[in-house]
Structures are given as C-alpha cells and as structure tokens.
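K.L.:
Everything below, folded, please.
(2 chains)
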Amino acid sequence: MTLRPVLSRAVVGERTWSVLLDLVVFAAVLAGIQGLLVMTRYWFGAMTPAAEISRSPRALPLYAFYSVVRISLAYVLSLLFALVYGYIAAYNKRLEALLVAVLDILQSIPVLSFLPGVMLAMVALFPTRQLGVEFGAILLIFTGQVWNMAFSFYASLKAIPRELREAAQIYGFGKWQRFVELELPYGAIGLVWNSMVSVAGGWFFLMACEMFVLGKRDFRLPGLGSYLQTAAGNGDTAAIFWGLGTMIGVILLIDQIVWRPAIAWSDKFKFEQVESGEQPSSAVLNLLRRSNLLERFRIAVLAPLSERIGLRAARHAEIAETPQPTAHWKMIVGMVAGALLGGAILYSLFEAAMTLKTLTKPELISTLQGAAATWARVIVSLLIAAAWTIPAGVAIGFNPKLARFAQPFAQVAASVPATALFPVLLLALIRMGGGLGVGSILLMLLGTQWYVLFNVIAGAMAIPTDLREVADVFHFGQWARWRTVILPGIFPYLITGMVTASGGAWNASIVAEYFHFKGQTLQTVGLGAQISSATDSGNWDLLLLSTIVMAVLVVGVNRSVWRPLYRLAQTRFKLEG
Amino acid sequence: MHAIIEARKVEKSYGSEGAGMIQVIAPMDLAIYPGEILAVLGPSGSGKSTLLRILTGLARPSGGEVIHHGHEVGGPCENVSIVFQSFALFPWLTVLENVAAPLKARGVPAAERTERSVKILDTVGLDGFENAYPKELSGGMKQRVGFARALVVEPEVLFMDEPFSALDVLTAENLRGELLELWQSHKMPTRAVFVVTHNIEEAVLLADRIIVLGKNPATIRTDFRVALERPRDRKDARFTNLVDYIYRVLTRPDLAALEPVAAIAPRAKPKYQMLPHARRGAIAGLLEMLAGHNGRDDMYRLAAALSFEIDDLLPVVDGAVLLGFAKVEEGDVEITPAGRAFAEADILRRKELFRAAALENIALIGEITRSLEARADHTLPDGVFEDLLDEHFSEEEAKAQLETAIGWGRYAELFDHDNDSRQFFLPEEAPAADQPEAAAH
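P.N.:
Okay, the predicted model is just below:
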C-alpha cells in the first residue's frame, strides 16, 4: 500500500500551500498599501519637474516601482476610456462613423506630438505639486496605449451574434446585466490580447515619456525610462545593463503574474460551442484560485456586492422601461454641445492654419524630405520583417513541436521593448561604423516585426490540414505549394500583421531617428527625428506640421493600400467551411 | 376566447416607400390563443422568423400593430420566452447561471433564483449539470438548457424558432416527445406555444393549429386545426394525408393568387423576377431526373430521389420554371419540350440552349447582356446593376440576386464578371469553353 502515504502527503502539501498562499496574498496587500503611501507622499510633495536621476543600481527598485505605477495607471485609464469609447461608438448610430474615423487618426499620431499640450495643461492644472507633472507623464503613456483597445472593444460589440443579443433582449436584461453578462465577456479575449500589446507599447515609449525637454523646460521624472536615458546619455555601459536587466526582469514578472493568468482566465470567454483541445494554463492563476483568503473575500464581499448592484440595476431598468416622453431638451442640449464642439474645432483649425503660415520654406522642404526618408525606412523595415517572419512563422505554425518551443520564446522577445535595447544596439552600430540612418531601420524592425510574426504563425496554424494534404497527394513542388496553399492561406493574417507593423513603425520613428547619447544628440533625416527635435527645441509650428504630415501619411496609406488589401483578404482569401 | 397576442395587419418591408419597396410580409392577421400549440410552416426565406420577431416585439412591423392583452407592443414583450435555433446560451455562464439570468433581470434575489432554476433544470432532466458550462454539453442537452431558461420565467407564450433543426434526428424526436409530455401534463406553466419550423412532420406531430406561409411576400396560405388525437402516429393514414396536403400547398405557389389575403396587397409587377438561388448544375440534374421519370413527377418523391430537403428542392424547381424548362402543376413538376431538349443535349449544345432560355426569360440577364453590348469597351461596373436591384430588393438580397445572375451568365457565356475590379465584361469572341482552365498549368 504505497498509495496511501503518497496521497496523505499530497493533502499535507496542499494544506501548507494554501496557508503559505494566504500569507503571500496578505503580504501583497500590505505591500500595495505601503506602495500607495510612498506614491501619495511623492505626488503631493512639492514639484520637482527635473529630478536628479541617480545612476546607482541601488536607485533601480524605486525607479522601477514608479514606472510600473505610471504604466499601470495609464493602463487603467486606457481600459476605462476604451470601454466607454467603444460602447458609445457601437451604440450611437449618429456618432459611429465619426468616432471610428477619429480613432483611426488618433492612432496615427505619435506620442511626442501630444506631449506639449498634455504637459503644459497638466502643469498649469497643478502648478505646485508633483501630481501635475506625474499625471502629464501618465497621460502621455495613455495616448500610446488606448486606441487599439478602444477599437478592439468596439469591434467585439459589433460582432456579438444576433441570437445572443435577442436572448438578452427577450429576457429583459437591463443595460448593466447586458454589459456584465454579454458585452464584457464577449469582448474580454480581444481586450486581454490588446492590453498586452498596449502595455508593451507603454514600455516602448517609456523613455520618451519620462524624460524630455520642452522648449526651455527640462522634465525628468524618476523612473526606469529616465534612468536608461541618463545612463545612455552619459555612456555609462554598466548602468545601461543594470537598467536593462531590471526592465526585462520587471516585464517578465508582469508577464507571469498578470498576463499569463489573464489569458488563462479569459479562455472561458471564448465563444465556442464545443470545447477546444488545448487550453492555456497559468500556475499563478491556479494558485490564486486555491487561496482561502481570496475565496473568503469573494464570498463575503464580492458576491454580495455584485448581487446588490445587479438587483438595483434590474429594478432601475424596470422603472426606466415605462415609456418616457421624448426629451426635447436632451436633443437641444445635444445640438448645442455639437455646435460648440464644431465651433471649437473650426477655431483651432483656423489657429493651426495661421500657425503653419509662419513656417519657413527650408522647414517645409525638410519636412517633405524627412517624410520621404521615414517612409522609405518604414517600407524597408516591413520588407525585412516579412522576409524573415513568413518562412519562420510558417515553419513554426506547421510544426506543433517547434511551436511549443518557439512561441513562449518569441513572446518574451517581443515584450522586451526595443527602446531598452537601443543603447546597446547604438553602441554596436557606432563601433561597426553604421549611422543612425541605417540603424533606425533596425530599431523600427525590433519594435514591429513581432506583429507580423505572430500573425503569420496564427495564419499557418489556421490552414486546414486537408488543404496541406492535397498538396502532398498531388506532389506539389515547393513553389506551387507556397503559391497555391501557404501564401493564400496566411494572406489575411499577414495583412493584419503588416497593418499593425506599419503603423507601429511610423510611430517608432520618433524614438528610432533621434537619440541622446553620450552627451550629444544623434539624429538622421526623418519625420520622426523632426518631431523629436521640434519638441526639444519648442518649435510648436514645426511639430504641428510634422504631426499632420505623419497622420495624413499613415491614414492615407491605410486607406489606399491596406484597406483594399484587407478587403481582398476578406473576400477572396477567406477560408470557409 | 380572447387572443393572448394578436397581430393586426402587420407587414414588413425593406427599402423606401414607393415602387422600389420590397415586401417580405404582406399585411396579415394572426392570433395566438390560450391552450394551443400553433405551428407556422413555410419555405426558407418566407419570413417565418421575422414574423416570430415581430410577434415577440423584438422587431417592429412596418405597418399594422401587435396587441398583447389589449395593449400595443412597443418593445420586447414581457412574459414571453424564445427558444432559439442556435440555443443562444452564454458560453461563459454555467448552466445554472444561464437559466437564472432571466430571473436576475427581473430582480429576483439569489436564493430564490437558484431554487427556481434548480427546479426547472430538474423538470427538463438536467439535474446534476448545474455547474457545467454549455460547451461541455451535447447539442440536445444545450437545447434542454435553452428550454429551462425559457420556462423558468413562467412565460405566458413560449416561442420557438426552429428549435430542433440544429439537432440530429433521434435527439430531435426525443426532445419533441418530452416537450409534448410537459405540455400535456401541464408541467410547464405556459398558456400557448408558437413554433416556427420548416419540417412538415414536426408541425403535424406537435401542433393544434398550423399556418402555412407563402413567400415573396409572406402571406397566410392556409390556417387550419389539426384534429388528430394524441399521441399521434406517423404511420396513421390521416397523418400521412395531412402531410401530403401540406406538401401540395407548399409546392403550389400558383394557389397564392386565389387567396383573398393576397388581394389586400396588390403588388406592382416587379421589373425583375426573384431569381432563386439555385446552381445551374442542380437544375440540370433535376431535368435529367425528370426526363428519366417520363417527364413528370411528384415533388415529394423527387426530393426523396435527389435526397434533398423539400426546402432545398424548391429553388431548383423555381429556377427550371423561370427558364421555361419545367412547369409545376398540382404539386407535380413537369418537363417542357425545351427542358427535354436541354436534358438530352451534349455539353456545348446545353450551353447554347441555356443561353437562349436565359436571354429570353430572365430580365436581369437580358439587361446586363444588352447594356454590355451597348458599351464601346464592353465593360460595366457591377454597381450599376446593384443600384438598380436595390430598388426592388433588400441590400443583401440584391447582392445575392446579382451573384446568381453572374453564375448563370457565366455558364451561358453571355458575360463574365471580375470580382476584383467589380466589373462585368463580355467574354472573348472565341469560345472559351474549349480552352483548359488556366489554373491547370
């Protein structure tokens, strides 16, 4: 009877585990409170916009903490904004087209272009407290994270199957119940994946958001981004590696304790009628589910709370159901608000036009040159990305063994922000004698190739086995196989990846083409460099012009190149049963 | 007896007012009375599901009104339930949570919710599955959850939209039996059942009253009580006679002209016929089969011989009739001389016959061909025709119409269509059929 002792030991193990777990959870709560205190003291302290950034590794834990808090707050803001914006865009028929177009344009505006407006407004709002500067930085990170999440939620809402909607309708779901039991669950998976992409984007632009010069004003917030920038600016290689190591460590940690559990948890929201074979799992999530403390919290606090909210919402919905006279005043208020908004937009357009008139001819010419140069770089980086990711992605997608090994690796590689690697890369590039002109292509590539890779893998996995078997049975040559099965099969996915990568590459140009290094400024001809240097020197007119040019280019390329390709992908290359 | 829900002159149409409007449901009166199971039968695309959605208040009629206990229905009806064809369960909620959701919407406290849900799950034979997720269940069990969710609110009328058509034959039969048992033993707190189906036997098995709809637009072809006692026997002669009668009604669209209901809504003769979405291969197959069966056969038998659902056969027959290859009489299909010539011709000759028939009989195909010939470059964007069709059909239907016309026109080599540039063009003068397909290289 060897079974019994083994079993009882397992029970003992489980018991101790859950006590340990509770201790860990308890400690985490305490740490959270302590963190809140530290943060509050710092925020409500006197304003020090240009903090002295230490290069000692000992400063790193606190810096990392500040950066994580900034990114988390920006993320929470993004999530709330995405839910509200997506909801309004999906349900307000009059505003829908406008809101989607605005999203498209905002998505194409690089983070630095928001910088002057956001920063000056925030500092004006809280002139004496650190809160103003901090909130400005958080809003900047927010502008880099929010748009794709809003778009994802909007798209999910529009895709909810008709009969599910009708079920919610006929069974009298109020708005709250519909949101909690239908809309949010249906959008959850898209939101989780887009959150990961967004937060990775937050890390990518962290250096730009924590330390910058705005005309004559110097802004330096204590954080990982500013640490790395200071280290790079002084050419302190040891500090660069310390900072880099910390950043990668933090990212991996967040991946393990936030994203893995989130993905495993959101799997239950998959809209499928039949259980799929493989399900994502997360050790951390399993542990959390076993924690007594959390379970007790759920039973004693969360469940009754959600019950009360649900009942109140249901009662409220019933009252609201009694027909109300169409509120004329609401329409009038709406019209007035619309007119005011329209007037404000017209006025600012006029102001912008006035501002642009003062630009000099050389500035205009350099903007156009920069646009052409950056465009060329974006194209080259996309081509390089496609050239290696298509064969690699297809190989991984077709080979489950390889996929199991390569996918986690690629995910980690993708979540390490390219900006963190910039200093190292720059050192190497300068030693090899390459300039930033070529180097920036590499930097863009580092930031964007993953979108293509992941999509190609997904596309290759989605090619039905029987199509591949057809190719085997009829002895297709290598070329015929690629032309008739593989390329058409991955086409829709490839396009999705390329669209994202193209937008990302344009945005990345602001950090890739312009860099403070060892006390000097490295830059090359490019639109991104122009935006960065215009921010540095406080040349708002040039910043405005370059931003408009970039937004027009990105949106224009989207409409004229990607959208038709996308449509083609949806009609001709869609794999249907 | 007072009706629970009553539709007065309800109609549904798409498109703008005037000649371009397409009517899916012609003005009709319909009432659901307490104590009956009412089945609505009709070919697919006859607007059965739309009718169900209008009666439940999910969709608004374009004209007329729906009265529920003396009040006009303005939004989703209170106290009715729907069982959906696709089950429409929330995959992220457990069985229990799915069933309890409608109670939650009514503000029922948690304890009572659970108690009532468990009880109703027990009634439909799902005790022990409370904490399972829908994806862990088989199709039949999922629909049981659908029934439980519908019954837990004690609906006055239970609406069912093709409730068994997503299930395999045996499961469907089993569930139907259980539903009848619940109904007859008054175990379900429901005063009337309204079921939409395209399965004739199902309607005859279940219903106290059957309404047969005709299509384009939907009209009530016949409305009668089923006098058979329960349990009903499929092999009973009266049962099979009734099934046969309904088949005849369904397969004789010409009868519609005689119905008084149709007279209420005189329709302007459409410029374009409604093209049935039938592949011309299926039409050829039907004609060959007819030619082999002495040129005439019963539609029911034809469907069986071709192993088609009657629903799938109807558009094929419609297509053959439109082309002048066949005609329909008394539920029988008869081949015409032109049809016989087609059935007996070889491949190339068939193309010629089809071309002539399409040009002569199908307005849309004639129009496209003539317009193309009139153009110097022999090309035209398809948007032109889509706009034309939009005036007569819903947007979706217009696209489908164009697609069918493209399929037929291609086969007849009257014109071709490029999906990328979205243009029609005339095929090359040389007969393209003799050349092997380019893809074969």
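
K.L.:
Provide a list of residues in contact with the residue most central in space within chain A.
P.N.:
With distances taken as CA atoms, centre = their mean, A:Ser198 lies nearest the centre of chain A, 0.9 Å away. The contact partners of A:Ser198, by CB atoms under 8 Å, 6 or more residues apart in numbering or on different chains, come to A:75, A:78, A:144-146, A:148-149. (Glycine included, C-beta is placed from N, CA and C.)

K.L.:
right, and the helix or strand after the helix or strand where it lies?
P.N.:
Per DSSP states H and E, A:Ser198 falls inside helix A:184-204. Next in sequence after helix A:184-204, counting helices and strands by DSSP H and E, comes helix A:206-210.

K.L.:
Verify the assumption that A:Leu383 is located in a helix.
P.N.:
Yes - A:Leu383: assigned to a helix according to DSSP: H, G, I helix; E, B strand; the rest coil.

K.L.:
Excluding residues flanking it in the chain, which one is nearest the residue in the stretch 401-550 of chain A positioned nearest to chain B?
P.N.:
Proximity of the stretch 401-550 of chain A to chain B (CB to the nearest CB) peaks at A:Thr484, 8.6 Å away. Spatial nearest neighbour of A:Thr484, excluding adjacent residues (CB to CB, 6 or more residues apart in numbering or on different chains): A:Phe476 at 6.8 Å.

K.L.:
ok, back up a step: could you report the neighbour count for the residue of the stretch 401-550 of chain A closest to chain B?
P.N.:
If you count neighbours by other CB atoms under 10 Å in any protein chain shown, A:Thr484 ends up with 16.

K.L.:
can you check the one 4 residues further on too?
P.N.:
Residues lying near A:Pro488 (other CB under 10 Å) number 16.

K.L.:
Roughly how far does B:Leu103 sit from A:Arg312?
P.N.:
Distance, B:Leu103 to A:Arg312, by CB to CB, to the nearest Å: 16 Å.

K.L.:
Compare the two and say which is more crowded by neighbours.
P.N.:
Legend: neighbour count by other CB under 10 Å for B:Leu103 and A:Arg312, higher for B:Leu103 (23 against 13).

K.L.:
And the pLDDT at A:Arg431?
P.N.:
Per-residue confidence (pLDDT) for A:Arg431: 70.

K.L.:
dump the residue contacts of it.
P.N.:
Applying CB under 8 Å, 6+ apart, no residues qualify as near A:Arg431.

K.L.:
before we move on, which element is it in?
P.N.:
helix A:418-432.

K.L.:
Compute the distance between the residue nearest to B:Thr123 when sequence neighbours are not counted and A:Ala82, please.
P.N.:
Excluding the flanking residues, the one nearest B:Thr123 by CB to CB, 6+ apart is B:Lys187, at 6.2 Å. Distance of B:Lys187 to A:Ala82, computed by CB to CB: 47 Å.

K.L.:
more neighbours, those two?
P.N.:
It is A:Ala82, of B:Lys187 and A:Ala82, that has more neighbours when counted by other CB under 10 Å, with 25 against 12.

K.L.:
Shouldn't the more buried one be within a helix?
P.N.:
Yes - the assignment for A:Ala82 by three-state DSSP puts it in a helix.

K.L.:
residues near residue 341, how many?
P.N.:
With no chain named, the answer covers chain A. Count around A:Leu341 with other CB under 10 Å applied: 10.

K.L.:
that's the wrong chain, I meant chain B
P.N.:
For B:Ala341, using other CB under 10 Å, the count is 17.

K.L.:
helices or strands up against the host helix or strand of it?
P.N.:
Following DSSP H and E, one finds B:Ala341 within helix B:337-344. Under the contact definition 3 or more CB pairs under 8 Å, 6 or more residues apart in numbering or on different chains; DSSP states H and E, helix B:337-344 sits against helix B:280-292, helix B:347-361.

K.L.:
Now do the last one: which elements does it pack against?
P.N.:
Okay, so that is helix B:347-361. helix B:337-344, helix B:363-374, helix B:395-411.

K.L.:
and the next element down the chain from the second one?
P.N.:
This means helix B:363-374. Next along the chain after helix B:363-374, taking DSSP H and E as the criterion, comes strand B:379-381.

K.L.:
buried ones in that following strand?
P.N.:
B:Leu380 (16 or more other CB atoms under 10 Å in any protein chain shown).

K.L.:
and that strand, which strands flank it?
P.N.:
strand B:423-425 (antiparallel) (DSSP bridges).

K.L.:
what's the partner strand in contact with?
P.N.:
Outside strand B:423-425, the residues that reach it (CB under 8 Å, 6+ apart) are B:368, B:372, B:378-382, B:385, B:415-418.

K.L.:
now the residues you listed in TSV, with pLDDT and distance to A:Gly526?
P.N.:
Output for these, formatted as TSV (pLDDT from 0 to 100; distance: CB to CB, whole Å):
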residue	pLDDT	distance to A:Gly526
B:Ile368	86	52
B:Leu372	84	51
B:His378	83	49
B:Thr379	85	44
B:Leu380	83	46
B:Pro381	83	41
B:Asp382	83	43
B:Phe385	80	48
B:Phe415	88	51
B:Asp416	87	47
B:His417	86	45
B:Asp418	85	40
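
K.L.:
what's the farthest-apart pair in those residues?
P.N.:
Spanning the widest gap among the contacts of strand B:423-425 are B:His378 and B:Phe385, at 15.2 Å by CB to CB.

K.L.:
Which of the two has more residues huddled nearby?
P.N.:
More neighbours surround B:Phe385 than the other of B:His378 and B:Phe385, with 21 against 14 (other CB under 10 Å).

K.L.:
Would you quantify the distance from that one to B:Ala278?
P.N.:
For B:Phe385, the distance to B:Ala278 - CB to CB - is 20 Å.

K.L.:
for B:Leu180, same thing?
P.N.:
Counting by CB to CB - B:Leu180 and B:Ala278 are separated by 36 Å.

K.L.:
Redo the helices and strands packed on helix B:337-344 as a markdown table? Include distance to B:Arg301, mean pLDDT and mean neighbour count.
P.N.:
Shown next, in a markdown table, are those (distance: least, CB to CB, whole Å; pLDDT from 0 to 100; neighbours: other CB atoms under 10 Å in any protein chain shown):
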| stretch | distance to B:Arg301 | mean pLDDT | mean neighbour count |
| --- | --- | --- | --- |
| helix B:280-292 | 10 | 84 | 19 |
| helix B:347-361 | 25 | 86 | 16 |
